[in-house]
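K.L.:
Take this sequence and fold it.
(2 chains)
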Number of protein chains: 2
Amino acid sequence: MSNRGVVRKNEKEEENLISMVDYVRVSFKTHDIDHIIQNVLHINRDYMTEKPKGFYGYIGTWEMDMIKVMYSSPDDERGILIEFSGKGCRQFESFLECRKKTWFDFFQDCLNEKGNFTRLDIAIDDKRTYFTIPSLLEKAQKGLCVSRFRKSDYNGSLDIGDGRLGGTTLYFGSKKSDAYLCFYEKNFEQAEKYNIPYEEMEDWNRYEIRLKNERAHSAVGELIKDRNLTSIGMAIINNYVRFVEEDGPEEKRKRETSPFWLEFIGDVKKLRLYTKPQTDFYEKSRNWLKNSCAPTMKMILEADRALGKNDLSDMITDAELQDKHEKMLEAYLTPIHEMVV
Amino acid sequence: MSNRGVVRKNEKEEENLISMVDYVRVSFKTHDIDHIIQNVLHINRDYMTEKPKGFYGYIGTWEMDMIKVMYSSPDDERGILIEFSGKGCRQFESFLECRKKTWFDFFQDCLNEKGNFTRLDIAIDDKRTYFTIPSLLEKAQKGLCVSRFRKSDYNGSLDIGDGRLGGTTLYFGSKKSDAYLCFYEKNFEQAEKYNIPYEEMEDWNRYEIRLKNERAHSAVGELIKDRNLTSIGMAIINNYVRFVEEDGPEEKRKRETSPFWLEFIGDVKKLRLYTKPQTDFYEKSRNWLKNSCAPTMKMILEADRALGKNDLSDMITDAELQDKHEKMLEAYLTPIHEMVV
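P.N.:
Model (predicted):
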């Protein structure tokens, strides 16, 4: 197995259903970036890189790969924004783990500093596959879904040769709204991404809960209260979407919940927040070098040998590390506990 | 009927199947923008506006609403790019019509100036609806589509309340490739856009042929040869996609084409290029004013009356027209034949 997180058939996983924090955006109405990095991230800023660019109107970023802290100009009320993508969440977990802290502690730190959460994604990986996404779509098309959402979007692909379905994605609620669910077939996505035949992939559904603005902020409040995911997973998935039987009362809300959904929700109730800490800031570049550049390096080395030259080693000696390389190397060589504050 | 081009039920259309040029991008390896505007667009540059911005690496744009001509810096081999969006194509048709010219003449002008076509979209509007898009998707899923494309993507939406389908879109071929087809339900798109109940919309499918780079350029060559769309519509739709019967030989390529598809292709063969010239450069702003600002204007006027003030009229007197307003007004007030060169 490669270290890309791709899971092929027959590779055992301990848990069938795991949940993770998958995206975080939290803003602070302050311009004291040292204070936020020290008291919220607890990372030594010396190991981070500054870039004179940001998104969403922020003018600069302090970052360690996908862990990003953006700042605005002193007269801009935006203040500071912490953003972790899915990868950034995994990387931040290595810092949490080192400090023997959890996401709940991070959320609390944010609230202590009057942070305002504007985005929170929770992802649930389902490797048992309680249902298939196309079957869920079919049920929704038959009107067997009871939901507070009015609309569902979907997309998918098929092999024209034999009509076989590729990955299907199903959304509950509008992508523009402050709360929606996205259910998709992670195995197809991974097969596509890494060019592996579908047949070799194990079953793997991914359910994502995407919350914005007030919805994100209040979900964090709930999470801290219980210090587990039960409330939020349940509150969101079960309160928003329920699949019912075809038989029963005319009014579908009064019908019984389908057994497959009951079983799924029963297990969602037991979910704990899972962490998969990653410290591959350096690994990523190393793998890129290995995969994309190694053949060329080898070719040059062979030419050097044949011609009695030192082209490759000269090239390496003469190269200048960019700031990001210095930081990456430093982060790689520094035990993580030395980077936390 | 509004002037937005929305067609509700029971409004007669003369033709069931019409085709249009729906996107054009053509580049010229010259920096002589006066020459291109004069000899390819045949529009008097005095009626166009210059903007110090462009896309795809171009640094500036001369435009008349959606008719755009971008230029690069003198040392940049990009040269000049003409781009018409769907709306731009309709607007350009008013200039063609005025000069008693057709798209074929424009294409010929481009080739005379060594233009290189990098995008060409042909759209076919089907108001008879030879088939429904969801039924086509179903057939493709049953493996009843014979195609040179390997993959088909689709997306759609449904009403969770009753499972009813919203608009479905079906692609043949990859959106990243140089040739693909996009079939969608224009009535649903329009209903969504203008917030009209689906039930009030007449049937309306839209089939788009999207060609890039060499595919776009050679299609233009074909178009000029025949001076009609038959070759291209047929060459593309029929050669790329064919729906066959469930019964017949095991190998589906050998099966008979389904009657519904034969009938559709038969009519595509007879297609002529349709034009819908539009001269609404000014109308657009006027409608925006009417729809978005008129209530506020009225409110202020009423306050003025009650208080004996002249706030609204002062506001109008004191306003300064931006360059774009001047141009729009000029274009609106100038008979189109005075703008062509």
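
K.L.:
Can you report how many residues lie near A:His35?
P.N.:
Number of residues near A:His35 (other CB atoms under 10 Å in any protein chain shown) recorded here: 13. (Glycine included, C-beta is placed from N, CA and C.)

K.L.:
Over to the one 3 residues further on?
P.N.:
Other residues within reach of A:Gln38, judged by other CB under 10 Å, total 14.

K.L.:
do the same with the one 3 residues further on
P.N.:
Residues lying near A:Leu41 (other CB under 10 Å) number 22.

K.L.:
Give me the spatial nearest neighbour of the residue of the stretch 1-150 of chain A found nearest chain B, chain neighbours excluded.
P.N.:
Across the stretch 1-150 of chain A, the shortest distance to chain B (CB to the nearest CB) belongs to A:Gly143, at 3.5 Å. Nearest non-adjacent residue to A:Gly143, counting by CB to CB, 6 or more residues apart in numbering or on different chains: B:Gly163, 3.5 Å away.

K.L.:
okay but the one you found is in contact with A:Gln141, surely?
P.N.:
Yes. Counting by CB atoms under 8 Å, B:Gly163 does reach A:Gln141; the two are 4.7 Å apart.

K.L.:
what are the ranges of the helices in the stretch 101-250 of chain A?
P.N.:
Assignment of helices within the stretch 101-250 of chain A using DSSP state H, counting those that start in this stretch yields the ranges A:103-112, A:133-141, A:186-194, A:213-226, A:230-233, A:239-240.

K.L.:
Serialize those to JSON lines and add fields for mean pLDDT and distance to A:Met70.
P.N.:
Output for the helices of the stretch 101-250 of chain A, formatted as JSON lines (pLDDT from 0 to 100; distance: least, CB to CB, whole Å):
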{"stretch": "helix A:103-112", "mean pLDDT": "96", "distance to A:Met70": "15"}
{"stretch": "helix A:133-141", "mean pLDDT": "95", "distance to A:Met70": "35"}
{"stretch": "helix A:186-194", "mean pLDDT": "87", "distance to A:Met70": "28"}
{"stretch": "helix A:213-226", "mean pLDDT": "89", "distance to A:Met70": "17"}
{"stretch": "helix A:230-233", "mean pLDDT": "66", "distance to A:Met70": "26"}
{"stretch": "helix A:239-240", "mean pLDDT": "81", "distance to A:Met70": "31"}
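
K.L.:
Would you mind putting those into JSON lines with mean neighbour count alongside?
P.N.:
Shown next, in JSON lines, are the helices of the stretch 101-250 of chain A (neighbours: other CB atoms under 10 Å in any protein chain shown):
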{"stretch": "helix A:103-112", "mean neighbour count": "18"}
{"stretch": "helix A:133-141", "mean neighbour count": "18"}
{"stretch": "helix A:186-194", "mean neighbour count": "17"}
{"stretch": "helix A:213-226", "mean neighbour count": "16"}
{"stretch": "helix A:230-233", "mean neighbour count": "20"}
{"stretch": "helix A:239-240", "mean neighbour count": "14"}
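
K.L.:
Okay, and A:Trp261 sits in which element?
P.N.:
Using DSSP states H and E, A:Trp261 falls within helix A:259-269.

K.L.:
does that helix come close to chain B?
P.N.:
No. Judged by CB under 8 Å from any CB of the partner chain, helix A:259-269 and chain B are separated, with a smallest distance of 14.5 Å.

K.L.:
Now do that helix: which elements does it pack against?
P.N.:
helix A:230-233, strand A:241-243 (3 or more CB pairs under 8 Å, 6 or more residues apart in numbering or on different chains; DSSP states H and E).

K.L.:
ends of stretch A:31-46, how far apart?
P.N.:
End-to-end distance for stretch A:31-46, by CA to CA, to the nearest Å: 18 Å.

K.L.:
what does it rub up against?
P.N.:
A:28, A:30, A:48, A:62, A:64, A:67, A:69, A:71-72, A:74, A:79-80, A:82, A:92, A:95, A:99, A:106, A:109-110, A:112-113, A:115, A:338-341 (CB atoms under 8 Å, 6 or more residues apart in numbering or on different chains).

K.L.:
Can you tell me which of those end up in helices?
P.N.:
Among the contacts of stretch A:31-46, the members falling in helices (DSSP state H) are A:Phe92, A:Phe95, A:Phe106, A:Asp109, A:Cys110, A:Asn112, A:Glu338, A:Met339.

K.L.:
Redo the residues you listed as JSON lines? Include distance to chain B.
P.N.:
Shown next, in JSON lines, are these (distance: CB to the nearest CB, whole Å):
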{"residue": "A:Phe92", "distance to chain B": "33"}
{"residue": "A:Phe95", "distance to chain B": "38"}
{"residue": "A:Phe106", "distance to chain B": "35"}
{"residue": "A:Asp109", "distance to chain B": "38"}
{"residue": "A:Cys110", "distance to chain B": "34"}
{"residue": "A:Asn112", "distance to chain B": "40"}
{"residue": "A:Glu338", "distance to chain B": "45"}
{"residue": "A:Met339", "distance to chain B": "40"}
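
K.L.:
which residues in chain A form strands?
P.N.:
Here chain A has its strands, by DSSP state E, at A:17-28, A:49-51, A:60-64, A:67-71, A:80-84, A:116-126, A:145-147, A:151-159, A:165-172, A:179-185, A:205-212, A:241-243.

K.L.:
quick one: contacts for A:Leu158?
P.N.:
Contact partners of A:Leu158, counting by CB under 8 Å, 6+ apart, are A:Arg164, A:Leu165, A:Gly166, B:Ala140, B:Gln141, B:Lys151, B:Ser152, B:Tyr154.

K.L.:
Most neighbours among the residues you listed, please name it.
P.N.:
Counting neighbours by other CB under 10 Å, B:Ser152 leads those with 27 neighbours.

K.L.:
Relative to chain A, how far out is it?
P.N.:
Separation of B:Ser152 from chain A (CB to the nearest CB, to the nearest Å) stands at 5 Å.

K.L.:
ok, now which ones touch that residue?
P.N.:
Neighbouring residues of B:Ser152 by CB under 8 Å, 6+ apart: A:Ser157, A:Leu158, A:Ile160, B:Ala140, B:Cys145, B:Leu170, B:Tyr171, B:Phe172, B:Gly173.

K.L.:
Drop anything exposed from the residues you listed.
P.N.:
A:Ser157, A:Leu158, A:Ile160, B:Ala140, B:Cys145, B:Leu170, B:Tyr171, B:Phe172, B:Gly173 (16 or more other CB atoms under 10 Å in any protein chain shown).

K.L.:
quick one: which of those is nearest A:Glu185?
P.N.:
The nearest member of the buried ones among the contacts of B:Ser152 to A:Glu185, counting by CB to CB, is A:Ser157 at 10.7 Å.

K.L.:
Report the contact partners of that closest one.
P.N.:
A:Ser157 sits next to A:Leu165, A:Gly166, A:Gly167, B:Lys151, B:Ser152, B:Asp153, B:Tyr154 when contact means CB under 8 Å, 6+ apart.

K.L.:
per-residue pLDDT, it?
P.N.:
pLDDT recorded at A:Ser157 is 93.

K.L.:
For B:Leu137, see how far away it is.
P.N.:
From A:Ser157 across to B:Leu137, the span is 11 Å (CB to CB, to the nearest Å).

K.L.:
before we move on, the earlier item: take the contacts of B:Ser152 and write them to JSON lines, including distance to B:Asp203.
P.N.:
Listed next are these as JSON lines, based on distance: CB to CB, whole Å:
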{"residue": "A:Ser157", "distance to B:Asp203": "26"}
{"residue": "A:Leu158", "distance to B:Asp203": "24"}
{"residue": "A:Ile160", "distance to B:Asp203": "25"}
{"residue": "B:Ala140", "distance to B:Asp203": "20"}
{"residue": "B:Cys145", "distance to B:Asp203": "22"}
{"residue": "B:Leu170", "distance to B:Asp203": "16"}
{"residue": "B:Tyr171", "distance to B:Asp203": "21"}
{"residue": "B:Phe172", "distance to B:Asp203": "21"}
{"residue": "B:Gly173", "distance to B:Asp203": "25"}
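
K.L.:
Kind regards, and thank you for your time.
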